[in-house]
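**Student:** fold the following for me, if possible:
(one chain, ligands or ions: 1)
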Amino acid sequence: MELNEIKEVTITGIDHYGRGIGKIDGCVIFIPNTLVDEKVKVKITTVKKDYLEGEVIDFLNISEKRITPKCPYFYECGGCDLMHMDYQEQLLFKETKVKEIMQKFAGIDNNLVKEIISSDDLFNYRNKIAFQVKKGKIGFCKKKSYDLVDIDNCLISDEKMNKILKLIKEKIGLYGIEQVIIRSCKNTDDLMIILDINRPIDEEKIIKTLSDIASSIIKKIRNKYTVIVGNDYIIEKLGDLSFIISPSSFFQVNTKQTVKLYNKVLEYAKLTGKEKVLDLYCGTGTIGLYLSRYCKEVLGVEINKDAIKDAFKNKELNNIKNIDFKCGDVSNIIDSINFKPDIIVVDPPRSGLDQYTINQLIKINPEKIIYVSCDPITLARDLNLLKEHYEIKEITPVDMFVNTYHVENVVLLTRL
Ligand SMILES: C[S@@+](CC[C@H](N)C(=O)[O-])C[C@H]1O[C@@H](n2cnc3c(N)ncnc32)[C@H](O)[C@@H]1O
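**Tutor:** So this is what the prediction gives:
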C-alpha cells in the first residue's frame, strides 16, 4: 500500500479511540470520523508494517447513527473525538470498549460490566478548561499535533469560559500568556482564572476586564501561584457538601456526573455506620467526606500538599469530625499508616496502581475495595492482579467526558 493512495473501505468496527476500523487487502486501517457500516473513499495517510491510517475523502454510504457535529472545530481540534456519533451510539461505544478491555486484559465476563451512567448534559459540562497560547493563537492542540487551532468558542466548556476567552482575545491580548486555565463552579458563583505567564502582563487591564466575571484571578509563573484578585481558592458544592479547591488541586471535571459517580461509590460501599474507610488518592478529600457521614471513620491519603490543605479545610467547612488526612505518596506510606480499614477506595491517576501498592492492598485485606478509574486499560491490568484475592463483583462505566473517547469506571471488589 502506498501513501496517498485512494481506496474504498467498509467500516466494520470502532477502536478504543473512536476511530473506524476497516481492512484493505487484509491490512487493518484506522479512519477517524467514520462509523460502523459506513463505506468511505479514503486517502492513506500512514503506512506502518502492520496497519494503515487514512482520512475520508468521500462518504459512499452514511450510517444512521451519524450526526452533524455542532462544533465547527471538531474535525481539526484534538479536544473531542465523538461529536459525529449520536449520544446513544457514544454510550454504546463506551460500554463496548470497557467490556472488550476487561475481557481482553483481565478475563472479566461482559455480564459484570453494567449499563453506563449517562450524562444529562452533552455540552457545556466541563468545569475546568486549559486554553493553550502559541504563535498568536489561543485554543487547543490539533489532532495528532502540537500546533494550535485558534478557537472562539468551545462547546464542552461552560458559557462563562467562552465569555472569558472572548474578553481575553478582544480586550487583553495574548502577550506574555502561555496558558489560560479556568475553573468554573456549577453550584456556586465562584470562578477562577489562572494565567500562566512567561513575562510581566498588564495586571490593571486584566483586573478591569475580568474581575466582574471571575471571583479569583491568579498568575502562575513557573508553578508559583500569586493572587491578583480574590482568594487563592474557589468553593464548589456537591450535594449538601462544600469543597474548597486550590489552583493545583484535582477536582473531577464534570460536576453533575461527579455526584452520580460518588453515589455509585456510596452504593457499592453499603455503609452501615460501623466501617473504617481508607480513601487513597483522595485529592481534596471529596470521596472520603462524601462517605464519612455514613461510616465510622475515614482516612484520606494524597500526594499533593495543596490538595491535602484543601481536604483539611473541607473537613472544617462541612463540620465533619470522623475524617483525617495524610500527605504522601500512597506507595511510600501505605504500610506505615496505623489504620485497619474495612473498605479501601482507590482513585489513582491514569497510570493506575503500582505493583507494591497492589501487594499492600492484598496484605491489608479489607472486606471491599472500590476502584475508581479514568483509564480502563490500567484498570484492567490492576484488576487482573487483584482478582486472585478479590472477586470482581461489578463494573459501572460513567460518562464523565461526553464527546470524547474517555470513560470513567467504578468497580466493586469483595474479598474471596
Ligand atoms: C484521579 S484524582 C482523584 C482525586 C479524588 N479522589 C477526587 O475524586 O477528586 C487522583 C489523585 O491522586 C493524587 N496522586 C497522584 N499520585 C499519587 C500518589 N503516588 N500518592 C498519593 N496521591 C497521588 C493526585 O494528586 C490526585 O489528586
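
**Student:** what stretches of this structure score poorly on pLDDT?
**Tutor:** Of all residues in the chain, none has pLDDT under 70.

**Student:** which residues of the stretch 251-400 of the chain lie near the ligand?
**Tutor:** 251-252, 281-283, 286-287, 301-304, 307, 329-330, 347-349 (C-beta under 6 Å from any ligand atom). Glycine gets a C-beta too; all of them are placed from N, C-alpha and C.

**Student:** please enumerate the helices of the chain.
**Tutor:** Under the criterion DSSP state H, helices of the chain are mapped to 87-106, 159-167, 203-210, 255-269, 286-292, 305-317, 330-333, 355-364, 376-386.

**Student:** for the residue of the stretch 151-300 of the chain found nearest the ligand, which non-adjacent residue is spatially closest?
**Tutor:** Closest contact between the stretch 151-300 of the chain and the ligand, by C-beta to the nearest ligand atom, is at residue 283 (2.9 Å). Excluding its sequence neighbours, the residue lying closest to residue 283 (C-beta to C-beta, 6 or more residues apart in numbering) is residue 250, at 4.3 Å.

**Student:** quick one: contacts for that neighbour?
**Tutor:** 283-284, 304, 307 (C-beta atoms under 8 Å, 6 or more residues apart in numbering).

**Student:** try residue 73
**Tutor:** 79, 139-140, 149, 151, 154.

**Student:** change it to 10 Å
**Tutor:** Contact analysis of residue 73 by C-beta atoms under 10 Å, 6 or more residues apart in numbering lists 79-80, 83, 139-140, 142, 149-155.

**Student:** now swap in residue 166 and tell me
**Tutor:** 152-153.

**Student:** now the one 5 residues further on
**Tutor:** Residue 171 is in contact with 205-206, 208-210, counting by C-beta under 10 Å, 6+ apart.

**Student:** adding distance to residue 371 and neighbour count, write the contacts of residue 250 out as JSON lines.
**Tutor:** Below are those laid out as JSON lines (distance: C-beta to C-beta, whole Å; neighbours: other C-beta atoms under 10 Å):
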{"residue": "283", "distance to residue 371": "15", "neighbour count": "24"}
{"residue": "284", "distance to residue 371": "20", "neighbour count": "29"}
{"residue": "304", "distance to residue 371": "20", "neighbour count": "18"}
{"residue": "307", "distance to residue 371": "20", "neighbour count": "25"}
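
**Student:** which pair of those spans the longest distance?
**Tutor:** Using C-beta to C-beta, the contacts of residue 250 reach their maximum pairwise distance at 284 and 304, which is 9.0 Å.

**Student:** which residues do these two both contact?
**Tutor:** With C-beta under 10 Å, 6+ apart as the test, residue 284 and residue 304 both reach 246, 249-250, 310-311.

**Student:** most neighbours among those, which one is it?
**Tutor:** residue 311 (29 neighbours; other C-beta atoms under 10 Å).

**Student:** can you pull the phi/psi pair for the residue lying closest to it once chain neighbours are set aside?
**Tutor:** Nearest residue to residue 311 in three dimensions, chain neighbours excluded: residue 285, at 3.3 Å (C-beta to C-beta, 6+ apart). Dihedral pair for residue 285: phi 90, psi 10, per degrees, to the nearest 10.

**Student:** residue 285 touches residue 327, doesn't it?
**Tutor:** No. At 11.5 Å, residue 285 does not count as touching residue 327 under the criterion of C-beta atoms under 10 Å.

**Student:** more crowded one of those two?
**Tutor:** residue 285 (30 against 17).

**Student:** where's residue 379 relative to the ligand, distance?
**Tutor:** Using C-beta to the nearest ligand atom, to the nearest Å, one obtains 12 Å as the distance from residue 379 to the ligand.

**Student:** how deep is the residue lying closest to that residue once chain neighbours are set aside tucked in, by neighbour count?
**Tutor:** Counting by C-beta to C-beta, 6+ apart, residue 379 lies nearest to residue 373, which is 3.9 Å off, once chain neighbours are set aside. Look at residue 373: counted by other C-beta under 10 Å, it has 24 neighbours.

**Student:** show me what residue 373 bridges to in the sheet.
**Tutor:** Beta bridges link residue 373 to residue 409, judged by DSSP bridges.

**Student:** roughly how far does it sit from residue 299?
**Tutor:** From residue 373 across to residue 299, the span is 21 Å (C-beta to C-beta, to the nearest Å).

**Student:** dump the residue contacts of residue 257.
**Tutor:** Per C-beta under 10 Å, 6+ apart, neighbours of residue 257: 117-121, 125, 398-402, 408.

**Student:** any chance of the residues you listed in CSV with distance to residue 163 as columns?
**Tutor:** Shown next, in CSV, are those (distance: C-beta to C-beta, whole Å):
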residue, distance to residue 163
117, 30
118, 28
119, 23
120, 23
121, 18
125, 17
398, 29
399, 26
400, 24
401, 23
402, 21
408, 28
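
**Student:** buried only: go through those residues for me.
**Tutor:** 117-119, 125, 398-402, 408 (16 or more other C-beta atoms under 10 Å).

**Student:** picking up where we left off before, whichever of the residues of the stretch 251-400 of the chain next to the ligand end up buried, select them in PyMOL.
**Tutor:** Selecting the buried subset of these in PyMOL, with 16+ other C-beta under 10 Å as the burial test, is done by:
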select buried, resi 251+252+281+282+283+286+287+301+302+303+304+307+330+347+348
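
**Student:** stretch 116-136: which residues count as buried?
**Tutor:** 116-119, 122-129, 131-133.

**Student:** what do you get for stretch 77-90?
**Tutor:** 77-85, 89-90.
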